[in-house]
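Undergrad: I would like the atomic coordinates for the input below:
(chains A and B)
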Protein chains: 2
Amino acid sequence: MDLKAYLANRSALVDAAMDAFLPKAKERPATIHAAMRYAIFAGGKRLRPVLCVAATEACGGETSNALAAACAVELMHTYSLVHDDLPAMDDDDLRRGRPTCHKVYGEGMAVLCGDALLTEAFIVLAKAPITSRYGIREIVAELAETGGSRKLIGGQVMDLEGEGSQLSKRELIRIHEAKTAALLTTSLRLGAMAANATPAKLDAVTKFGYNLGLAFQVIDDILDVTQSTEILGKTAGKDQSVGKATYPSIIGLDASRKEAARFTKAAMTALKPLGKKAVRLEEIAAYLLQRDY
Amino acid sequence: MDLKAYLANRSALVDAAMDAFLPKAKERPATIHAAMRYAIFAGGKRLRPVLCVAATEACGGETSNALAAACAVELMHTYSLVHDDLPAMDDDDLRRGRPTCHKVYGEGMAVLCGDALLTEAFIVLAKAPITSRYGIREIVAELAETGGSRKLIGGQVMDLEGEGSQLSKRELIRIHEAKTAALLTTSLRLGAMAANATPAKLDAVTKFGYNLGLAFQVIDDILDVTQSTEILGKTAGKDQSVGKATYPSIIGLDASRKEAARFTKAAMTALKPLGKKAVRLEEIAAYLLQRDY
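TA: Down below sits the predicted model:
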């Protein structure tokens, strides 16, 4: 199977699991359940859940054992998009090529929809199978801490507060660590835990995730400058228009591309302890480096 | 110790535990941590966490074993208030006698603050001690399902969607079950679980919580009509001004008072299997029936 077919296959597995976990769109109160499904089934890349599943496989585990954690990280990611897009935050009308949740369901319902997706992440995660090394307590703590005020939410706060001010590269990396690398890393770690990975292997996917997360965000910054709204499926040029510090704005486009390649290489190097089983993770890292949306 | 001293003592224990769990107000990014503490330390009644602790005690458990679950339910309750108060939802300027979170920190930060409090509930809950009967998986599933789109969030959706339309008493009870009784019941159940309660005792606090929750919400509806903004610490007469169906609007004030007394009596009756240890829960139910704010 080539990478494209692999990604399509694993995304479909995640989507089927998600469909089974989520309340049906017509279940009362129907508006909230329709909104949750609108936000989740929007044709996203499913990067985080696929990384979760691929990490399980790279650590010698069964794909199916990772699906609850995979859906939980995607639920958390999607809630953060729904809330970040709100008029009171990034005020975006377009996401994954479609009107954002609040444009379709209204602001109040979009707040509740994000809340429900976040809560659903823990409903689903509580169903995850455990292994001899990692229990539910550790799994729940990992996802909750990653989503909390010190990581994911803290990153969005720093991002909003940094708008219009000149940040240093160090400060920008700190935002990227919290906003992007943390949840990517946790996606991989939860996958490794589902495979009962040894501490050495867990450490390897952690370092892979950290570097991949930083590479991913640098590339996101680059694409925001170089691509059109049509290709991105979200508003292009947004960072500059709100005075947000980005890699290209701090070190320029060429140096940003080199930095993305450097982080990607560091990510690949981190995979060494996993041997040949890590080939899908390597392929995904290479694919993300050259993506154009 | 009389009830007033008991409530003050247990609230203080909860506050001390909460203070230890939450990130310090100055921890970066400081705005979100200050906002979380502003919302949490606002002089609320701490009804849910005190019920959690009192349920543990009524089932023969140690008070200290209930504190993580007690803080988790209060974090979930407070997040729901912060989001419900937003302009896009109930649009309230006053809560617990002070400006609401979004009036102080802005709308975007209030959304993130609610998100962070909700996420923190699971960070804290993952630290809860387990018992021989009840594990972390069951505890996390209980809180997450109570907070989800079928209960707490679903109740708020039905509440918003019901504004301006004439609901039946049955429909109103359905909203109250989801919006109020579910989290009160879970507060008690998590406390009972922390005491390793037998299924019969867990069932008793469940029935107590359900009836107490319905009584509590009828009384809330009554107070919204009969009390002033100053005494309530939140905007009085709000239900009527937005055309929200309430007990008094459907069956009148006198019948509502009788209904509250009936639910309270049912709650007390449910406590029978707990014997004399349930005296604090009885006292709390009696106190809530005659409260004036």
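Undergrad: gap between the residue nearest to the spatial centre of chain A and chain B?
TA: In chain A, the residue lying closest to the centroid (C-alpha atoms, centre = their mean) is residue A:48, at 4.6 Å. In this view, residue A:48 and chain B are 17 Å apart by C-beta to the nearest C-beta, to the nearest Å. The way it works is simple: take the backbone N, C-alpha and C, and place the C-beta from them, glycine included.
Undergrad: tell me which helix or strand that residue sits in.
TA: Assigned by DSSP states H and E, residue A:48 falls within helix A:47-58.
Undergrad: returning to that earlier point: got a pLDDT number for the residue nearest to the centre of chain A?
TA: Note for residue A:48: predicted pLDDT of 98.
Undergrad: could you find the closest non-adjacent residue to it?
TA: For residue A:48, ignoring the flanking residues on the chain, the nearest one in space by C-beta to C-beta, 6 or more residues apart in numbering or on different chains is residue A:187 at 4.1 Å.
Undergrad: the one you found: how many residues sit nearby?
TA: 32 (other C-beta atoms under 10 Å in any protein chain shown).
Undergrad: in what helix or strand does it lie?
TA: Per DSSP H and E, residue A:187 falls inside helix A:182-194.
Undergrad: angle of that helix against helix A:47-58?
TA: On the basis of axes from the mean of the first three to the mean of the last three C-alpha atoms, to 10 degrees, helix A:182-194 is oriented at 30 degrees to helix A:47-58.
Undergrad: now helix A:182-194 - C-alpha only, CSV.
TA: The C-alpha trace of helix A:182-194 is given here as CSV (Å, rounded to 0.1, in the frame of the first residue of the first chain):
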residue,chain,number,x,y,z
ALA,A,182,1.8,19.3,22.3
LEU,A,183,-1.3,17.7,20.8
LEU,A,184,0.6,16.1,17.9
THR,A,185,3.0,14.5,20.4
THR,A,186,0.2,13.3,22.6
SER,A,187,-1.6,11.7,19.6
LEU,A,188,1.5,9.7,19.0
ARG,A,189,2.1,8.9,22.7
LEU,A,190,-1.5,7.7,23.2
GLY,A,191,-1.0,5.4,20.2
ALA,A,192,2.3,4.1,21.6
MET,A,193,0.6,3.5,25.0
ALA,A,194,-2.2,1.5,23.3
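Undergrad: elements contacting that helix?
TA: helix A:47-58, helix A:67-84, helix A:136-147, helix A:152-162, helix A:199-226 (3 or more C-beta pairs under 8 Å, 6 or more residues apart in numbering or on different chains; DSSP states H and E).
Undergrad: highest mean neighbour count out of those?
TA: Greatest average neighbour count among the helices and strands packed on helix A:182-194 goes to helix A:47-58 (a mean of 28), per mean count of other C-beta atoms under 10 Å in any protein chain shown.
Undergrad: contact partners of it?
TA: With C-beta atoms under 8 Å, 6 or more residues apart in numbering or on different chains as the test, helix A:47-58 has contacts from A:7, A:10-11, A:13-14, A:62-63, A:65-67, A:69-71, A:73-74, A:77, A:183-184, A:187-192, A:194-195, A:205, A:209, A:212, A:216, A:271, A:274, A:277-278, A:280-281, A:284, A:288.
Undergrad: how long is stretch A:163-176 end to end?
TA: Counting by C-alpha to C-alpha, to the nearest Å, you get 14 Å between the two ends of stretch A:163-176.
Undergrad: average pLDDT for that stretch?
TA: 90.
Undergrad: could you do stretch A:80-98 as well?
TA: Per-residue scores along stretch A:80-98 average to 94.
Undergrad: now do stretch A:104-113
TA: 97.
Undergrad: for stretch A:12-26, which positions count as buried?
TA: A:13, A:14, A:15, A:17, A:18, A:21, A:22, A:23 (16 or more other C-beta atoms under 10 Å in any protein chain shown).
Undergrad: about what we covered before: doesn't residue A:72 make contact with the residue nearest to residue A:48?
TA: No: look at residue A:187 against residue A:72 with C-beta atoms under 8 Å: they stay out of range, at 9.2 Å.
Undergrad: related to what we said a few turns ago, how near is the residue nearest to residue A:48 to residue A:61?
TA: For residue A:187, the distance to residue A:61 equals 14 Å [C-beta to C-beta, to the nearest Å].
Undergrad: kindly report the same for residue A:112.
TA: 35 Å.
Undergrad: so which of the two has more stuff around it?
TA: Shown here are residue A:112 and residue A:61; by other C-beta under 10 Å, residue A:112 has more neighbours (30 against 21).
Undergrad: show me what contacts the closest residue to that one other than its chain neighbours?
TA: Once flanking residues are discounted, residue A:112 sits nearest to residue B:153: 5.4 Å by C-beta to C-beta, 6+ apart. Residue B:153 makes contacts with A:32, A:112, A:115, A:116, A:119, B:147, as judged by C-beta under 8 Å, 6+ apart.
Undergrad: among these, which one lies nearest to residue B:82?
TA: residue A:115 (10.5 Å; C-beta to C-beta).
Undergrad: pull the contacting residues for that closest one.
TA: A:79, B:79, B:83, B:114, B:115, B:118, B:153.
Undergrad: just give me the closest of those to residue B:28.
TA: Using C-beta to C-beta, the contacts of residue A:115 come closest to residue B:28 at residue B:115, 17.5 Å.
Undergrad: re the thing from before, pick the one among the contacts of residue A:115 closest to residue B:137.
TA: So of these, ranked by how close each gets to residue B:137 (C-beta to C-beta), first place is residue B:118, at 19.3 Å.
Undergrad: can I assume the closest one sits in a helix?
TA: Yes: judged by DSSP: H, G, I helix; E, B strand; the rest coil, residue B:118 forms part of a helix.
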